[in-house]
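Engineer: sequence and predicted structure are below.
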Amino acid sequence: MFQYDFPTAVGRAPAAALTLEPNTPNPFGASTAIPFRLEQAGEASLSVYDVNGSLVRVVRSGFNLAGPHVAEWDGRDDVGRDAASGVYFCRLRSGGGEATRKMVLIR
């Protein structure tokens with residue numbers, strides 16, 4: 001069974017596999033905390049994309065224990081440059097599940 005992560009999700013995830021919570025603060029200037037939960041331990045990746053679908057930054061990738069986690073995005077790309085003000089999408093993938101949320105960066 002699939003569900004939409006209402007109200008800001010644009011992706012889907014199996015109900016018991018993973019949960020991507022809203023980032024705080026949102027909108028944000030310097031950095032934002034991205035909370036998520038994995039129901040099972042395993043490989044997971046948390047990435048940020050721009051509105052064109054281009055990868056901006058891999059925030060976290062690798063093995064994670066089951067339970068709650070918080071990742072921090074500092075508003076920079078993978079080479080350390082400041083990302084421009086605008087809308088970004090945070091995507092969590094783990095165990096075949098996926099969830100996406102919208103974030104707004106204001107410089």
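Structural biologist: Noted; the coordinates are in hand. Since the model is a prediction, treat every value here as computed from it, not as a measurement.

Engineer: what sits against residue 49?
Structural biologist: The neighbours of residue 49, taking Cβ atoms under 8 Å, 6 or more residues apart in numbering as the test, are 55-56, 88-91. No exception for glycine: its C-beta is placed from N, CA and C like everyone else's.

Engineer: go with 6 Å
Structural biologist: Residues in contact with residue 49 (Cβ atoms under 6 Å, 6 or more residues apart in numbering) are 55, 89.

Engineer: and the pLDDT at it?
Structural biologist: Residue 49 carries a pLDDT value of 97.

Engineer: residue 17 too?
Structural biologist: In this model, residue 17 is scored at 83, pLDDT.

Engineer: my guess is it contacts residue 97. True?
Structural biologist: Yes. Using Cβ atoms under 6 Å, residue 17 makes contact with residue 97 at a distance of 3.5 Å.

Engineer: so which residue is smack in the middle of this protein?
Structural biologist: Centroid-nearest residue in the chain, with Cα atoms, centre = their mean: residue 90, separated by 3.2 Å.

Engineer: quick one: that one from residue 84, how far?
Structural biologist: Distance of residue 90 to residue 84, computed by Cβ to Cβ, to the nearest Å: 16 Å.

Engineer: partner strands of the helix or strand residue 47 falls within, with direction?
Structural biologist: Counting by DSSP states H and E, the element that carries residue 47 is strand 42-50. In the sheet, strand 42-50 lines up against strand 55-64 (antiparallel), strand 86-94 (antiparallel) (DSSP bridges).

Engineer: pLDDT of the longest one, averaged?
Structural biologist: Averaging pLDDT along strand 55-64 gives 96.

Engineer: got the CA positions of it in CSV?
Structural biologist: Presented in CSV, the C-alpha positions along strand 55-64 are these (Å, rounded to 0.1, in the frame of the first residue of the first chain):
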residue,chain,number,x,y,z
LEU,A,55,21.3,16.9,-7.5
VAL,A,56,22.6,19.7,-5.3
ARG,A,57,23.9,17.7,-2.3
VAL,A,58,24.0,14.3,-0.8
VAL,A,59,23.3,15.1,2.8
ARG,A,60,23.6,11.6,4.2
SER,A,61,24.3,8.2,2.6
GLY,A,62,25.1,4.9,4.1
PHE,A,63,23.9,2.5,6.8
ASN,A,64,21.5,3.8,9.4
